[in-house]
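[1] fold the stuff below for me.
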Amino acid sequence: MRRARRRSLRRVPARKPRLKKARSTRFDPVTAEIIRGAMETICYEVATHVSLTATTPILNQSNERNATILDARGRLAALSVGIPQFMLSSTLPVRFALDFFGAEGLHDGDVLIANDPYHGGGHLPDYNVFAPVVVDGKLVLIVSIQCHHADTGGAAPGGYIVDALDIWAEGVRFPAVKVVDRGVERGDVIYMMKTNNRNPTFLGDIRAQIGAAQRGRDRLKEVIAKYGAAAVIGAVDHSIDHARKRLREEVRKWPDGIFYGDAYVDNDPLGNTDIRVHVKVTVKGERLTIDFTGTDTRQNISANSTFGNTRGYVVAQIASMMDPAIPKNEGFFESIELIVPKGCCLNPYDNKPVAAGTHHPGVEVGEAIVKALGHIIPERSCPQIYKMGMPTVIFGTHPATGKMFIDHSVDTFAAYCGGVKGQDGWGAMNVSFGNLIRATAEINESIFPHRQMARDYAPDTGGPGQWRGCPGSLYVKTLTAPATVYAYVVGRKYPMPGIAGGKNGMSNEMRCRVGSKHEFVAEGKSRQVPHEAGESYAYRYGGGGGWGDPLERDPEKVKEDVLDEYVSIRGARYDYGVVLTGSVEELDVEIDWPATRELRAQIRAELSR
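    Numbers count the residues shown, from 1 in each chain. Next up, the predicted model:
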């Protein structure tokens, strides 16, 4: 592949670390583990640096980012705890840069940016910033930080173009471009990126990522200076080999066979319905093959997940079903044989729109895998997914500044947390979002022209089960200035699934223009809905699926759920077969044990017919 032409720029000499000579050529596994721990700590520091220095809420509050370290061959060596699918969509763009520039074209002091879905990325809002770690003229490692941004410069604010015909309508593409060349910031590139982005704080966010990548590079040079490049490279090889061995040991414990799973998306943003994700999982000895042949191949749909995004969701789901101590690196990933036919919605032909598809059908990948493997390892089966549609982006002109604001609604709400054997769904965030932190009402109300009027658990929305799904929440946001709200909702027809006999969670429901005579339920084709000041949107987020037979749930736990207002007295009776007396208001709820035993026996008899 042809090399990129380099511009003549003023050079700033970079300090070279003084390398420590290896004391012995013998490999030391203890030192290798210390080096791995150091690299994981550096990843955490890089990711935290963005949260402390970025200027836009989605970066400095939400933690929607992931830091990784790769070796000179582009193999993933270490990562921070972040958004799960970023594990892979943040590595493939770096590999493209290695192919495009060549190792000899990446220099000490360089920093690059990439966001193109068709050069390894997930979707355009995910900007990947990475820096080579070059010692004595040799590329040793690459440190990367990927974050979701508020805008991409496409046909509409926010990066989610609901009716995009192709990838170009969704925003500006950067396959791989140097923003810092041998220590010198390229002002032409930075200005070009700024000019093609609506978000007034975009430049501060990009510079936060650049600074984070440079910080990670400097920390890695310190590690190399302490242990020597050979020891660091050996530690990477050791960790990758260890992960590969441990994954295969886990797979060997599973029964051999071929297992199938299907998941569906209600509709894409254009209104095409019942988008199918089909998987065949083959377990044979230590070999694990995941084949998505049979997945939807309609070419007119706008719900597409890039290969990198799909691969990330595969790994996130499989990782959740294995020993969590296995390192998440290249050894883990390469041990899974993945088949995703070109042209299906999980590996689309080039230049198809993918902004919404990174969510759906991306997450349905995990759902299909759980439905396939839930038969053989039910105790490890919980879908690492959500059923959101896409973020409810709000944009308009802020009356206080006269400038555009873009709110991705990265606010705290509860939804989609499924139960698993031994544990009810809990908290306010489903596992697939990793360590995503959603902003408080007070913070976002101080930034954007809206008020949050409700954000409460909604009773009877969590899927019934021996272990209950977490309830969803009723969320109401009132606009204090005219603004446009994105409305694309899935999980109405296909809500969060129950596992091992558990029941589905409640479906989503979004109402727009609440408080006016034009109020309506958002369904079908996505829309950008103008709201006047004083109007609200109300979103009842669905609950997580249950795990196991609801009739096996301890009646005392059902009573506690009723007192906590997760379940109503009616829901206790009809979903769990538990008869209660008294009222929540008086706090005198009690179990009618004879009636409960009789009702449960009656329900079981009816189900067995």
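
[2] where does this structure have its least confident helix or strand?
    Every helix and strand of the chain was ranked by mean pLDDT, DSSP states H and E. The lowest is helix 86-89, at a mean of 67.

[3] name the residues of the helix or strand that that helix is followed by that are buried.
    Next helix or strand after helix 86-89 toward the C-terminus (DSSP states H and E): helix 92-101. Residues 92-98, 100-101 are the ones in helix 92-101 that count as buried (16 or more other CB atoms under 10 Å). In this view, the C-beta of every residue, glycine as well, is placed from N, C-alpha and C.

[4] and the contacts of helix 92-101?
    By CB atoms under 8 Å, 6 or more residues apart in numbering, the residues outside helix 92-101 that reach it are 1, 3-4, 70, 72-74, 106, 112, 114-116, 119-121, 128, 130, 142, 144, 175-176, 307-308.

[5] report all helices and strands that the helix or strand containing Thr68 contacts.
    Following DSSP H and E, the helix or strand that holds Thr68 is strand 65-71. When contacts are defined as 3 or more CB pairs under 8 Å, 6 or more residues apart in numbering; DSSP states H and E, strand 65-71 packs onto helix 29-53, strand 76-79, helix 86-89, strand 138-148, helix 202-227.

[6] quick one: residues in contact with it.
    39, 42-44, 46-47, 50-51, 59, 76-80, 82-83, 86-87, 90-91, 94, 140-148, 212, 216, 220, 233, 236, 434.

[7] check stretch 40-52 too.
    By CB under 8 Å, 6+ apart, the surrounding residues in contact with stretch 40-52 are 59-61, 63, 65-69, 78-82, 143, 145, 147, 208-209, 211-213, 215-216, 219-220, 223.

[8] list the contacts for the residue nearest to Asp241 when sequence neighbours are not counted?
    Nearest non-adjacent residue to Asp241, counting by CB to CB, 6 or more residues apart in numbering: Gly331, 6.1 Å away. Neighbour list for Gly331: 239-245, 247 [criterion: CB under 8 Å, 6+ apart].

[9] change it to 7 Å
    With contacts defined as CB atoms under 7 Å, 6 or more residues apart in numbering, Gly331 is in contact with 240-244.

[10] drop anything exposed from those.
    Using 16+ other CB under 10 Å as the burial test, the contacts of Gly331 include 240, 242-244 as buried.

[11] and of those residues, the nearest to Pro391?
    Among these, Ala243 lies closest to Pro391 (CB to CB), at 32.6 Å.

[12] that closest one contacts Asn329, doesn't it?
    Yes. If you go by CB atoms under 7 Å, Ala243 and Asn329 touch, sitting 5.1 Å apart.

[13] from the buried ones among the contacts of Gly331, which ones fall inside helices?
    Among the buried ones among the contacts of Gly331, the members falling in helices (DSSP state H) are 240, 242-244.

[14] now, among these, which is nearest to Glu535?
    Using CB to CB, those come closest to Glu535 at Ala243, 51.4 Å.

[15] go ahead and confirm Tyr494 touches Thr273.
    No. Using CB under 7 Å, Tyr494 makes no contact with Thr273, being 10.5 Å away.

[16] joint contacts of the two?
    Asp266.

[17] and the two? which has more neighbours close in?
    Tyr494 (19 against 12; other CB atoms under 10 Å).

[18] so the closest residue to that one other than its chain neighbours, which of the three states?
    Once flanking residues are discounted, Tyr494 sits nearest to Tyr264: 4.9 Å by CB to CB, 6+ apart. Three-state assignment for Tyr264 (DSSP: H, G, I helix; E, B strand; the rest coil): strand.

[19] check Tyr264 and give its pLDDT.
    Looking at Tyr264, its pLDDT stands at 98.

[20] ok, it - contacts?
    Residues counted as contacts of Tyr264 (CB under 7 Å, 6+ apart) are 274-276, 494.

[21] show me how to select, in PyMOL, the buried members of the residues you listed.
    Restricted to buried positions by 16+ other CB under 10 Å, the PyMOL selection for those reads:
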select buried, resi 275+276+494
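
[22] which of the contacts of Tyr264 lies closest to Asn351?
    Distance to Asn351, by CB to CB, is smallest for Ile275 among these, at 19.2 Å.

[23] so what angle separates the directions of the strand holding Thr68 and strand 138-148?
    160 degrees (axes from the mean of the first three to the mean of the last three CA atoms, to 10 degrees).

[24] given strand 65-71, what are its sheet partners and their directions?
    strand 76-79 (antiparallel), strand 138-148 (antiparallel) (DSSP bridges).

[25] looking at these, spot the one closest to Val281.
    strand 76-79 (22.8 Å).

[26] one step back: minimum distance to Arg451: which of the strands paired with strand 65-71 has it?
    Closest of the strands paired with strand 65-71 to Arg451 is strand 138-148, at 24.8 Å (criterion: CB to CB).
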